[in-house]
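> from the sequence below, what's the structure:
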Amino acid sequence: MKRRYTLPGKSFPLGATLYENGVNFSVFAPEAESVELLLFENDADTNPEKIFLKPLENKTYYYWHVFVPDIRENQLYGYRLHGEYNPTRGLYFDASKVMLDPYAKMICGSYDRAATAEFGVSNLHHCLKSAVINDDFDWENDIHPRHEFSSSIVYELHVAGFTKNLNSGLEENIRGTYTGLIHKIPYLKSLGITAVELLPIFAFDPQDAPGKNLNYWGYSPINFFALHAPYASEEEPQAIIHEFKRMTKAFHANNIEVYLDVVYNHTTENDAYNGGPNLCFRGFANNSYYLMDEMGRYKNFSGTGNSINANHSVVRRMILDSLRYWVKEMRVDGFRFDLASALSRGENGQVKENPPVLWSIDSDPILSETKIIAEPWDAAGLYQVNDFSGDRWVIWNDDFRDTVKGFVAGREGMVKNLMSKFMGSFGDMRMRHRVFKPEQSLNFVSSHDGFTMRDSVSYNKKNNWANGEKNRDGHNDLYTWNSGTEGETEDEKILELRDRQQKNLFSILLLSQGTPMFWMGDEVARSQLGNNNAYCQDNPLGWMNWDLVRENTNFLSFVKKLINVSKSYEVFSHQNYWQTEPSEIYPYVQFHGVRLNQPDTSIKSHSLACELISPKHGEHFFLIMNMYWESLDFELPDGEWKLIFDTKSGFGKVENFKETINSPSRSVILLSLNN
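Below is the predicted model of the structure:
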């Protein structure tokens, strides 16, 4: 074969950059002795064209680079790197393996995970391949919605699981795809949410799961730039990119933001000592990309077998480059950082007081209008809900979840903590470096990780046996109550109580200060039959059940109206903490019990009431949260009070009250003062 003419190329930008006359390739591999660039004609090609990079021509300090004329988008490529294989020194060079570009914008094909791990055995016949991508796309008049967090309502969903069910009503070729999601935008818009938070869409390894399980959720990234191709209805790499962009554009056209759940704390290249795959980062610069101990073993703060060395200068830049790419080229609006506290750790695994990568994300000008949300803990016990670094970060508030679920379930000693959580966790989340705003508490009572809202009122115990891990996986401290019987039932009284309990959870979630989020299907009472860790359930158990949209219309209608209430009044979307003393200017709260001005915060208390007043906007509400198992009479402030809703009878009941109101057991009531 005639050798292809190439040019030396340049070290920047990293990855495969398309120009009019060809493609520049650049990778970071400081300890590699030599590098081969492989060009594949198609995914089945096992005899790729080889371009050997020369150290004197194609290497600049840490970077290997080459310019290849006359190739275009959709070109498939990979690398083979030569160097020392010495795991005790953290070196994993293996010239028999085809490596993916860490900066690849698309990853194609399939592979065998076990075969990829064995040293010295070629994976040429079953390897993943990188693809050259052209970033051109006609965005037309697309603009970011830029909703304020204080008026945002976030809907967490799984891209495939949202439309994969046959009862989604979509054609088979678009079920479980980015395009399928476009078809469900009218439903999401009618619900009233302002943002979708997509479970991981970075290319991930479905084979990275214990036993015979498959990784359904996607918390196992291969790299940080490439889309997960199986979520596309298109097949060519370039077309897949355009499909995702059309999806983002469609959400924006409907005034809905798109957040990505991103995993920068680890990759799928786990467990190197025991046969983990050699796919990407490990084969280029293992000691730079991962946290290692003195024996060359991975430190594991993610609970998955490795931890990214996020505060290494090169890795930190890569994370920033990735975020900028998703904002500039893919037009996403925000990010939720999985196990974000793992990014606080330095190269020895110690917790850094001012982690450079977190401050870089916080202060980056390209990301300045982008939402950044932290899951503020890691799997090694680091818990930073109260002191996460940075000024702009919004914090996943698991204490809100546990408090509200515990209160609604009837646990003792919850009322005092509920008062704080209701006010945006006032007093609990005093962050270093800044004044905390209530909107920076991301409030939730359900998420992908845990019970659905329906299961929170139906199960006292998790039921994860289907995962094949002997029910040992998933959270154990559940803060739930099954409403009188465990699991599914046909008892009408229990079903009515569960309906009311879900409405109680939704009401407290949506009327509290903070940014509310809920999990797909909660609005129609979707159950996972008690499975609180459905990471491997790529089946109807883990999918959205669209039959429920038709079956639970009354419940869905209640949630829609409640969302509208929370968005329609200034007092429920105020950017600053409610005042705790009466004011003629600022919104304020006054707490009560069954008697005015006497909130009962004793351990045996199960009820709380409050006035919410925005003098400037003429808003005056009285909210009752009665989780006692008997009805209670509550004193009302002077005036005539109009019922907006109660969770027993719903919306639409025309009734006015003076002096007192009887609250049914286990219910929430919202009243408005008639002026």
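
> residue 526 and residue 341: what is the separation?
Remark: distance between residue 526 and residue 341 (Cβ to Cβ, to the nearest Å) = 30 Å. From N, CA and C alone the C-beta is placed, and that goes for glycine too.

> export stretch 335-350 as CSV, just CAs?
C-alpha atoms of stretch 335-350 as CSV (Å, rounded to 0.1, in the frame of the first residue of the first chain):
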residue,chain,number,x,y,z
PHE,A,335,-25.0,20.0,34.3
ARG,A,336,-25.6,17.8,37.3
PHE,A,337,-22.2,16.5,38.5
ASP,A,338,-22.4,12.9,39.7
LEU,A,339,-20.4,12.4,43.0
ALA,A,340,-19.1,15.9,42.6
SER,A,341,-17.2,15.8,45.9
ALA,A,342,-14.8,13.3,44.3
LEU,A,343,-13.6,16.3,42.3
SER,A,344,-12.4,17.9,45.5
ARG,A,345,-9.7,15.4,45.9
GLY,A,346,-6.0,16.1,45.1
GLU,A,347,-3.5,13.7,43.5
ASN,A,348,-2.9,11.9,46.8
GLY,A,349,-6.6,11.5,47.4
GLN,A,350,-6.7,14.1,50.1
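
> where exactly do the helices run in the stretch 201-350 of the chain?
For the stretch 201-350 of the chain, applying DSSP state H, counting those that start in this stretch gives helices covering 237-253, 281-289, 313-328.

> of those, which stretch is the most buried?
Most buried of those by mean neighbour count (mean count of other Cβ atoms under 10 Å) is helix 281-289; its value is a mean of 24.

> distance from that one to the middle of the chain?
In terms of Cα atoms, centre = their mean, to the nearest Å, the centre of helix 281-289 is set 26 Å apart from its chain centre.

> can you tell me how far the residue most central in space within the chain is from residue 205?
By Cα atoms, centre = their mean, the chain has its centre lying nearest to residue 261, at 3.2 Å. Using Cβ to Cβ, we find residue 261 at a distance of 16 Å from residue 205.

> how about residue 467?
Residue 467 sits 18 Å away from residue 205, going by Cβ to Cβ.

> helices of the stretch 351-500 of the chain, start to end?
So, for the stretch 351-500 of the chain - with DSSP H, counting those that start in this stretch - the helices run 356-363, 398-409, 415-422, 453-456, 492-511.

> which of those sits most buried?
helix 453-456 (a mean of 26).

> contact partners for residue 17?
By Cβ atoms under 8 Å, 6 or more residues apart in numbering, the contact set of residue 17 is 23-24, 26.

> list the buried residues in stretch 377-390.
Under the neighbour-count criterion of 16 or more other Cβ atoms under 10 Å, stretch 377-390 has 377-380, 382, 384-385, 388-390 buried.

> gap between residue 423 and residue 501?
23 Å.

> show me the strands in the stretch 301-450 of the chain, by range?
Along the stretch 301-450 of the chain, counting by DSSP state E, counting those that start in this stretch, strands occupy 334-337, 371-374, 394-397, 441-444.

> the first one: how far from the chain's middle?
Same thing as strand 334-337. Strand 334-337 sits 6 Å away from the centroid of its parent chain (Cα atoms, centre = their mean).

> what's in contact with it?
Contacts of strand 334-337 (Cβ under 8 Å, 6+ apart): 195, 197, 257-262, 264, 323, 326, 343, 370-375, 396.

> okay if I get the helices of the stretch 351-500 of the chain as JSON lines plus distance to residue 290 and mean pLDDT?
Formatted as JSON lines, the helices of the stretch 351-500 of the chain follow (distance: least, Cβ to Cβ, whole Å; pLDDT from 0 to 100):
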{"stretch": "helix 356-363", "distance to residue 290": "15", "mean pLDDT": "96"}
{"stretch": "helix 398-409", "distance to residue 290": "27", "mean pLDDT": "97"}
{"stretch": "helix 415-422", "distance to residue 290": "38", "mean pLDDT": "96"}
{"stretch": "helix 453-456", "distance to residue 290": "36", "mean pLDDT": "98"}
{"stretch": "helix 492-511", "distance to residue 290": "38", "mean pLDDT": "98"}
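
> which residues touch residue 159?
176-178, 181, 198-199, 201, 228, 231.

> against residue 268, how distant is it?
Residue 159 is 18 Å from residue 268, by Cβ to Cβ.

> where are the low-confidence patches of the stretch 451-600 of the chain?
Scanning the stretch 451-600 of the chain for pLDDT under 70 picks out no residues.

> could you dump the helices of the stretch 351-500 of the chain into JSON lines and include distance to residue 298?
Converted to JSON lines, the helices of the stretch 351-500 of the chain look like this (distance: least, Cβ to Cβ, whole Å):
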{"stretch": "helix 356-363", "distance to residue 298": "19"}
{"stretch": "helix 398-409", "distance to residue 298": "27"}
{"stretch": "helix 415-422", "distance to residue 298": "37"}
{"stretch": "helix 453-456", "distance to residue 298": "35"}
{"stretch": "helix 492-511", "distance to residue 298": "38"}
